[in-house]
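Novice: sequence-free structure coming up:
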């Protein structure tokens, strides 16, 4: 049982770290002369870096909000897991923890989907999606699987 709990915690923390990295790092879209993320568009036209705020519209603000909500819900989920681990009665399920984690996965999926659909208005044809964008998509199934495991998991002595 201890190894199972350790595995679930590591899975949860891996998803949380991926969410942090994908939200913070400036590599959602990359090209040879710059990169952009949820917050800034940076370019290096003549050797110097020039960054402007990423205010392309309401959709980028929705993606920003959804990614932050995903981080908050995932953090609350791990906190609730530790609280329930010590207060839940024997045989009880971690429903609240699982629901929060599943909501976090739905938030990151929604944010990445909006970014995928709407970035065609903002991203040039020669640009490509960066590693932070890919990490956001990897964080989605990790959060979803850990949330489903929490819902199924029963507390034992």
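Specialist: Nice, thanks for sending it over. On a predicted model such as this, the values are computed, not experimentally measured, just so you know. Residues are numbered from 1 along each chain as shown.

Novice: Skipping adjacent residues, who's closest to residue 138 in space?
Specialist: Distances taken as C-beta to C-beta, 6 or more residues apart in numbering put residue 18 closest to residue 138, at 5.9 Å, once the chain neighbours are dropped. (C-beta placed from N, C-alpha, C; glycine too.)

Novice: Do I have it right that that neighbour meets residue 134?
Specialist: No. Using C-beta atoms under 8 Å, residue 18 is not in contact with residue 134; the gap is 9.7 Å.

Novice: Looking at those two, which one has more neighbours?
Specialist: Taking other C-beta atoms under 10 Å, residue 18 and residue 134 do not tie; residue 18 has more neighbours (22 against 15).

Novice: For residue 29, see how far away the more buried one is.
Specialist: 18 Å (C-beta to C-beta, to the nearest Å).

Novice: And for residue 51?
Specialist: Counting by C-beta to C-beta, the gap from residue 51 to residue 29 is 14 Å.

Novice: Those two: who's more crowded?
Specialist: residue 29 (21 against 15).
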